[in-house]
Each structure stands twice: as structure tokens, then as C-alpha cells.
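**Q** Turn this into a model:
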Amino acid sequence: MSDTDTRDPTSLRTPIVAVLGHVDHGKTSLLDKIRGSAVIEGEAGAITQHIGATAVPLDIISTIAGDLVDPDDFDLPGLLFIDTPGHHSFTTLRSRGGALADIAILVVDVNDGFQPQTLEALDILKRSETPFIVAANKIDTVPGWNPNEDSPINDTYESQSERVRQRLDESLYEIIGNLSDEGFSADLYWRVQNFQRNVGVVPVSAMTGEGVPDLLTVMMGLSQRYMKEEMEIDVAGPGVGTVLEVKEEKGFGTTIDTVLYDGTIRADDTIVVGGQNEPIVTDVRALLQPRPLAEIRTESRFEKVDEVSAASGIKVAAPELADAMAGAP
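**A** Predicted coordinates for the structure are as follows:
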């Protein structure tokens, strides 16, 4: 066996997941639900809140997904969800010429269907060639729906009346039709054989958690199957990332919120950041991450860390960052 086959599995990074969709279709509540389920399932320390991102480790995903995910089938460490405030930031967030996200979830309200921002998001996904799945959200608002908290979609679907199932099916097929109009071949995720050719649609409810096990399962499966090689990084190499936001932080001056997608960054490293007129060369003064929820009462919202490896969200404090730009490398 050649060396390439025996790569240390710990050097596989977390795939970076972006959540897109029309305003009010439930992007934030879906992220909150995934976060909330993860906090309930893990002891408080298991879920780490990064800057502008949430890391959900594989064992937590497997607990939420129940029988759907056997952790032994995966060697990716979990998923890192980035909270991109708007599509604008998704378009500007670049890594190596592609989008910063490795994979995306397009959230569509099952009753409201495609809206202008849905089409805008699709356009971005198409241009950046980002693989994605569709979360058909708010199934709990289908008239007559009988919720089964946190249950996989097939179980809860089976327990609905025929009339409700019919209503849901109609809405889902409308979404599949809209995707087809936009040039994407799509189907309900359990019917999709090849996710590279077809977009999987996962019915979910961010309110009741129904379908969330399926969503996480499909995300893990897709990443493991089609992205494993891209997730192999040289952890020891220099840190490479993208600026999410430039912010003033009390006691630290101007800082940059960054998503690191390759290598490791250390306090005292010299970094080069894209600036408005020219690249900024400066030294890292501090790497800051949010304190665990348990310690939120302490003076500072952040704690200093010596080093951080990809993929993660981290706040970098350094001199001369005033001209740094969001979306810059």
C-alpha cells in the first residue's frame, strides 16, 4: 500500500457547510435547531461555538441521527456550519477560486416555495459549483400535520393521515419541479442514487426537529463520499482562511473574524490579509474564540488560544487591520 492510502485520518478536516435561502424560510431556526439538539445530546462542552460558525462533531451527529448514522462508517470529524449573514457574503467568500463552503443547504419553505432569493441562492450555487441539498422546511405547518418531535422523516410521514401526506407530496413535487426548471435534476433524498447528478430534497421542520436526523445524515454521507480527498489537509502547514468580518473589539482594537480552511494558525504568526489598497502584513497578537456557554458570565466573552487548526472559525487580533476587507484571503 502506498503512503497516500495510510494518511493519518486525524488530518481530515471538517467540511464547511453554508446555509442559504430566502429570508423567513427558516435558515436561522434550522441552524438553531441543529445547535440546540447538539447541546442537548452532548454535555455542554461537546458542541463548540466558533466565531461565525458552529462545529458539530460526528458522535453528536450520530446521536441525533440515531440508526441513520453509524459513526464507524465515517472518518470525517463532523460538520462546521458557517453562519453567513446574507448571500452577499457567500458570494464574496472565496477559497482557492471556489466558494468558501464545501457544501450547502438551500432552505425552502415547503408552503411558500421558490422566492426571488431562492433563485439568487441557486444561481450562486450553480456558479460556484457548490454541491447542495434542499431542506424543504416547515413541514409542521402543512394543515393537519401531526408532529413527532425529532423523528426521522419516514417515520413521521408514515404516521400522518393520507390527506396530509398528499398535501405534503404536492408541495414537495412543486419544489422538485422548480429545481428542474432551473436545470437541476432533483428528487426526494431517499430516491437519489447519485448525489453528484441529482439534488436530494429533505423534508424537515426547524421547529419540531422532524427530518433533522435525515438532513445531518445526508450531509455526512455526501461529504464522506464525494469530498473525502478534498478534506485531506496538511494540518502542520501554514493557516489559510477567509475573512468573514472586520470588527472593533474592546481591549483588542480591530480584529478579523476568519474561517480557517487549511493548516494551522498560531499566536505570533506573521499573516498576510487582503486590504483595501494593498495586502496587510502583520503579526497575530491573539487568537480568540468564544468562551464555552458555561463560562459566559466571565468578564471577557473570548478566551485566548495558542493555536487553531482547520476547519474552524477564529477571531484574529493583530495590529494594522483597519483596512482589512470582508471576503479577503
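**Q** where do the helices sit along the stretch 101-250 of the chain?
**A** Counting by DSSP state H, counting those that start in this stretch, residue ranges of the helices within the stretch 101-250 of the chain are 116-128, 153-158, 162-181, 212-227.
**Q** Show me which positions of the first one end up buried.
**A** Right, the one you point to is helix 116-128. Across helix 116-128, burial judged by 16 or more other C-beta atoms under 10 Å covers Gln117, Thr118, Glu120, Ala121, Leu122, Ile124, Leu125, Ser128. For glycine as for every other residue, the C-beta is placed from the backbone atoms N, C-alpha and C.
**Q** so, if you compare these, which one comes nearest to Leu79?
**A** Leu125 (17.5 Å; C-beta to C-beta).
**Q** which residues in the stretch 51-200 of the chain form strands?
**A** Applying DSSP state E, counting those that start in this stretch to the stretch 51-200 of the chain gives strands spanning 53-57, 78-82, 94-95, 98-99, 103-109, 132-137, 186-188, 199-203.
**Q** Restricting to C-alpha, output the last one in PDB.
**A** Read it as strand 199-203. This file holds the C-alpha atoms of strand 199-203, laid out as PDB (Å, rounded to 0.1, in the frame of the first residue of the first chain):
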ATOM      1  CA  VAL A 199     -30.100  17.100  -5.800                       C
ATOM      2  CA  GLY A 200     -31.600  15.500  -2.800                       C
ATOM      3  CA  VAL A 201     -34.700  17.100  -1.200                       C
ATOM      4  CA  VAL A 202     -35.000  16.500   2.600                       C
ATOM      5  CA  PRO A 203     -38.400  17.400   4.200                       C
END
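**Q** Just the mean pLDDT for that strand, thanks.
**A** For strand 199-203, the mean per-residue pLDDT is 98.
**Q** neighbouring strands for that strand, and are they parallel or not?
**A** strand 132-137 (parallel), strand 186-188 (parallel) (DSSP bridges).
**Q** Just name the most buried of those.
**A** Highest mean neighbour count of these: strand 132-137, a mean of 27 (counted as mean count of other C-beta atoms under 10 Å).
**Q** Wait, Gln115 touches His25, no?
**A** Yes: when contacts are counted by C-beta atoms under 8 Å, Gln115 is listed as touching His25 (7.4 Å).
**Q** the more surrounded of the two?
**A** His25 (27 against 16; other C-beta atoms under 10 Å).
**Q** Checking my notes, that one in a helix, right?
**A** No: looking at His25 with DSSP: H, G, I helix; E, B strand; the rest coil, it is coil, so not inside a helix.
**Q** which residues does the residue nearest to it when sequence neighbours are not counted contact?
**A** Closest residue in space to His25, ignoring its immediate chain neighbours: Asp109 at 4.3 Å, by C-beta to C-beta, 6 or more residues apart in numbering. By C-beta atoms under 8 Å, 6 or more residues apart in numbering, Asp109 lies in contact with His22, Asp24, His25, Gly26, Gln115, Asn137, Lys138.
**Q** Serialize these to JSON lines and add fields for pLDDT and distance to Gly251.
**A** Output for the contacts of Asp109, formatted as JSON lines (pLDDT from 0 to 100; distance: C-beta to C-beta, whole Å):
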{"residue": "His22", "pLDDT": "84", "distance to Gly251": "38"}
{"residue": "Asp24", "pLDDT": "82", "distance to Gly251": "37"}
{"residue": "His25", "pLDDT": "84", "distance to Gly251": "38"}
{"residue": "Gly26", "pLDDT": "82", "distance to Gly251": "36"}
{"residue": "Gln115", "pLDDT": "93", "distance to Gly251": "42"}
{"residue": "Asn137", "pLDDT": "97", "distance to Gly251": "40"}
{"residue": "Lys138", "pLDDT": "97", "distance to Gly251": "42"}
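**Q** Just give me the closest of those residues to Ala65.
**A** Asn137 (17.8 Å).
**Q** is that closest one in a bridge, and if so with what?
**A** Beta-bridge partners, per DSSP bridges, of Asn137: Asp109.
**Q** before we move on, back to that, distance to Ile64 and mean pLDDT added to the helices of the stretch 101-250 of the chain, as TSV?
**A** What follows is the helices of the stretch 101-250 of the chain, written out as TSV (distance: least, C-beta to C-beta, whole Å; pLDDT from 0 to 100):
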stretch	distance to Ile64	mean pLDDT
helix 116-128	25	88
helix 153-158	14	97
helix 162-181	22	97
helix 212-227	6	93
